[in-house]
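Colleague: Got a predicted structure plus its sequence, pasted below:
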Amino acid sequence: NAGVMQNPRHLVRRRGQEARLRCSPMKGHSHVYWYRQLPEEGLKFMVYLQKENIIDESGMPKERFSAEFPKEGPSILRIQQVVRGDSAAYFCASSSRDRGANTDTQYFGPGTRLTVL
Amino acid sequence: LAKTTQPISMDSYEGQEVNITCSHNNIATNDYITWYQQFPSQGPRFIIQGYKTKVTNEVASLFIPADRKSSTLSLPRVSLSDTAVYYCLVGMDSSYKLIFGSGTRLLVRP
């Protein structure tokens, strides 16, 4: 069952370090979305990418955060100089956005739990 | 995007039917209604989606009245493993920016 894969599942960083979160979409999916979830809250949209393109990054902080989805390999969410407030669960989702379908379902990965010490 | 309102929490017992209602008074003509389930330490899982009347799959049923200002997720004969947070989302079928509220925490007791 090749679902959405994320790694690492848990990541611990000290303030000022960099965090790299990886996401491999489901087979056949070329659209990737990143969400952040704080404890006891719903998920918040961060960024939407297609292969080699950022479509919408309106939910991503302007500084320290970046995302990419290269032609080959997983999508990467990168957080530079992490601060304690970056501690959260980061979820990746993928979809096929089939134009022939009425709706487009996003399938989520298990998430990466980032803890900043 | 239409705002949704759901109960914060619900309690039930194994074997009972659970109905979770979501209000979305400002739903637009092109909006669909989608429900996700999230277990602790896991990503949300798609449950069901509908536009009007009734939709049923192997997991749940979704009831949508004619005015579409609310919807009800129905879980038949819940088990302990149905304990989770359930999110109601409303948006256009082409919208990729899912808006999650705080969801409804369902606790199923033995």
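Modeller: Happy to help now that I have it. Numbering: from 1, shown residues only, chains lettered A, B, ... in the order given.
Colleague: list the contacts for the most centrally placed residue in chain A?
Modeller: Central residue of chain A (Cα atoms, centre = their mean): residue A:34, 3.1 Å from the mean position. Neighbouring residues of residue A:34 by Cβ atoms under 8 Å, 6 or more residues apart in numbering or on different chains: A:23, A:46-47, A:49, A:60, A:67, A:75, A:77, A:90-93. C-beta coordinates here come from the backbone N, C-alpha and C atoms, glycine included.
Colleague: quick one: which of these has the most company?
Modeller: The most neighbours of any of the contacts of residue A:34, using other Cβ atoms under 10 Å in any protein chain shown, belong to residue A:92, which has 30 neighbours.
Colleague: Distance check, that one against chain B.
Modeller: Using Cβ to the nearest Cβ, to the nearest Å, one gets 8 Å for the distance from residue A:92 to chain B.
Colleague: I'd like the contacts of residue A:34 laid out as CSV, including secondary structure and distance to residue B:24.
Modeller: Converted to CSV, these look like this (DSSP: H, G, I helix; E, B strand; the rest coil; distance: Cβ to Cβ, whole Å):
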residue, secondary structure, distance to residue B:24
A:23, strand, 30
A:46, strand, 24
A:47, strand, 26
A:49, strand, 28
A:60, coil, 27
A:67, strand, 30
A:75, strand, 31
A:77, strand, 30
A:90, strand, 27
A:91, strand, 23
A:92, strand, 27
A:93, strand, 22
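Colleague: Leaving aside the residues adjacent along the chain, what's closest to the residue nearest to the centre of chain A?
Modeller: Distances taken as Cβ to Cβ, 6 or more residues apart in numbering or on different chains place residue A:46 nearest to residue A:34, at 4.4 Å, with adjacent residues excluded.
Colleague: Look at residue A:27 and give its secondary structure.
Modeller: Classification of residue A:27 using DSSP: H, G, I helix; E, B strand; the rest coil returns coil.
Colleague: what about the nearest residue to it once chain neighbours are set aside, how many neighbours?
Modeller: Distances taken as Cβ to Cβ, 6+ apart place residue A:2 nearest to residue A:27, at 4.8 Å, with adjacent residues excluded. Residue A:2: 9 surrounding residues under other Cβ under 10 Å.
Colleague: Ok, the one 5 residues further on next?
Modeller: Around residue A:7 there are 15 other residues, counting by other Cβ under 10 Å.
Colleague: go on, residue A:57?
Modeller: Counted with other Cβ under 10 Å, residue A:57 comes out at 17.
Colleague: Over to residue B:76?
Modeller: Neighbours of residue B:76 (other Cβ under 10 Å): 12.
Colleague: ok, now the one 10 residues further on?
Modeller: Using other Cβ under 10 Å, residue B:86 has 24 neighbouring residues.
Colleague: And the pLDDT at it?
Modeller: pLDDT recorded at residue B:86 is 97.
Colleague: Residue B:95 now?
Modeller: In this model, residue B:95 carries a pLDDT of 71.
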